[in-house]
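Novice: Pasted the sequence and its predicted model underneath.
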Amino acid sequence: MKYEAKEKRLRAVKVAKAINSIEGVPIPDETNEFFRQWIDGEISDDQLTEVMLSLCKRISYKRN
């Protein structure tokens, strides 16, 4: 993966974390490894989306 693409993905993760923090919705630490894999091109956009949706559902079920 090109350096520019990795930098763009890293910025996207930083922005997502900042927005969630502002909204009072912290991102669990366990997501960091998935973000790293996505930034490095080890997993696809679809795979990251699937993992994140699964994690959100699991967190939601724990709260209810």
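Specialist: That came through fine. Computed from a predicted structure; not experimentally measured.

Novice: now the helices for the chain?
Specialist: Counting by DSSP state H, one finds helices in the chain at the ranges 3-22, 31-39, 45-63.

Novice: rank those by mean pLDDT and give me the bottom one.
Specialist: Lowest mean pLDDT within these: helix 45-63, a mean of 87.

Novice: Now the residue nearest the centre of the chain: closest residue in space, sequence neighbours ignored.
Specialist: For the chain, the residue nearest the mean C-alpha position is residue 35 (4.8 Å; CA atoms, centre = their mean). Excluding its sequence neighbours, the residue lying closest to residue 35 (CB to CB, 6 or more residues apart in numbering) is residue 13, at 4.8 Å. Glycine gets a C-beta too; all of them are placed from N, C-alpha and C.

Novice: give the contact list for the one you found.
Specialist: By CB atoms under 8 Å, 6 or more residues apart in numbering, the contact set of residue 13 is 35, 38, 39.

Novice: ok, now how distant is the first one from residue 17?
Specialist: Residue 35 sits 9 Å away from residue 17 when distances are taken as CB to CB, to the nearest Å.

Novice: Same check on the second one?
Specialist: To residue 17, residue 38 is 13 Å away according to CB to CB.

Novice: Mind checking which of these two has more residues around it?
Specialist: residue 38 (23 against 15; other CB atoms under 10 Å).

Novice: Ramachandran angles for residue 40?
Specialist: In terms of degrees, to the nearest 10, the main-chain angles of residue 40 are phi -80, psi 0.

Novice: what's the spacing between it and residue 1?
Specialist: Distance check for residue 40 against residue 1: by CB to CB, it reads 7 Å.

Novice: can you check residue 50 too?
Specialist: Taking CB to CB, one finds residue 50 at 20 Å from residue 1.

Novice: quick one, which of the two is more surrounded?
Specialist: Set side by side, residue 50 and residue 1 show more neighbours around residue 50, with 13 against 10, by other CB under 10 Å.

Novice: Any figure for the gap between the more buried one and residue 7?
Specialist: Residue 50 sits 24 Å away from residue 7, going by CB to CB.

Novice: next one: residue 20
Specialist: For residue 20, the distance to residue 7 - CB to CB - is 21 Å.
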